[in-house]
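Visitor: The sequence and its predicted three-dimensional model are supplied below.
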Amino acid sequence: MKTIILISLFNLLVSFVQAQEYSTDNIVIKQGHQTFNIYDETQTIKLNAAEFSIEYLNKPYQEKKNLFYAAQAIVTDNKLDYDLQDGTIIESIPGFEAGSGFAAKKNGIVYYPFLSSDGHQYLYYSSNKDKRVEKSGTSASWDVYKWTLKGVYQYDVEMDWNIYDNTEINILLIIDRNLDGVLQKGEYFNIHINFTK
């Protein structure tokens, strides 16, 4: 009986530790039963070489109102040594300059982002028919958006993580939630992922 109680308490504790926390100061990375709440501007995590998702708070893209809420991400196998800090102008960051975004197929979810440090993925949600990420819920006055990464687009082909020819990936994710074009705490995350193969 004591063993059952201890196992139950342990499972409950693990559930609390791995529960996702959504705020405008973090992003959440999920893979299977693993959940990483990322608050640091730079962080390294270890994942299996399989599909994972990045979830974050933002608002819907509203072109008619000139409210262009979107996340932007560089996905590369190169180390990202940017000296990012609060107050940095987003368009001054290499790969985030105006016109450096990669075109995605119309209204298509970006499951296989281009592997490059020269340009970024533009990730938005306008409606169920016009989106590049999924809306997975709400949190207070924000929507929760989910970007599922199945692999990368490399060598002119979509490559799943299990056949990706490297054991690491770097993702610089920027979410300009107040649309001022300037980085503030909680709006940029430089994530280094080591894959277990």
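Guide: Structure received.

Visitor: where in the chain is pLDDT low?
Guide: For the chain, the stretches with pLDDT under 70 are 1-20, 104-107.

Visitor: all helices for the protein, in order.
Guide: Using DSSP state H, the helices found in the chain span residues 2-18.

Visitor: Just want the most central residue of it.
Guide: Note on the chain: the residue nearest the mean C-alpha position is residue 54, at 3.9 Å, using C-alpha atoms, centre = their mean.

Visitor: Bridge partners for it, pull those for me.
Guide: Under the criterion DSSP bridges, residue 54 forms beta bridges with residue 29, residue 147.

Visitor: Provide a list of residues in contact with it.
Guide: Each residue near residue 54 by C-beta atoms under 8 Å, 6 or more residues apart in numbering is listed here: 27-29, 146-147, 149, 171, 173. Where C-beta positions appear, they are placed from N, C-alpha and C, glycine not excepted.

Visitor: I'd like to know which of those residues are buried.
Guide: Buried subset of the contacts of residue 54 (neighbour count, 16 or more other C-beta atoms under 10 Å): 27-29, 146-147, 149, 171, 173.

Visitor: Tell me how many other residues surround residue 66.
Guide: 7 (other C-beta atoms under 10 Å).

Visitor: Same check on residue 126?
Guide: The burial count for residue 126: 17, using other C-beta under 10 Å.

Visitor: How about it: what's its closest non-neighbour residue?
Guide: residue 61 (4.3 Å; C-beta to C-beta, 6 or more residues apart in numbering).

Visitor: And residue 116, by the same measure?
Guide: Using C-beta to C-beta, 6+ apart, the nearest residue to residue 116 is residue 76, at 6.1 Å.

Visitor: I'd assumed residue 114 was in contact with that neighbour.
Guide: No: counting by C-beta atoms under 8 Å, residue 76 sits too far from residue 114 to count as a contact (9.3 Å).

Visitor: need the contact list for the residue nearest to residue 126.
Guide: Counted by C-beta under 8 Å, 6+ apart, residue 61 has contacts 67-70, 124-126, 130.

Visitor: can you check residue 51 too?
Guide: Per C-beta under 8 Å, 6+ apart, neighbours of residue 51: 31, 148-151, 160-161.

Visitor: Pull out the buried residues from those.
Guide: Looking at these with 16+ other C-beta under 10 Å, the buried ones turn out to be 31, 148-151, 161.

Visitor: Distance check, the residue nearest to residue 126 against residue 123.
Guide: For residue 61, the distance to residue 123 equals 10 Å [C-beta to C-beta, to the nearest Å].
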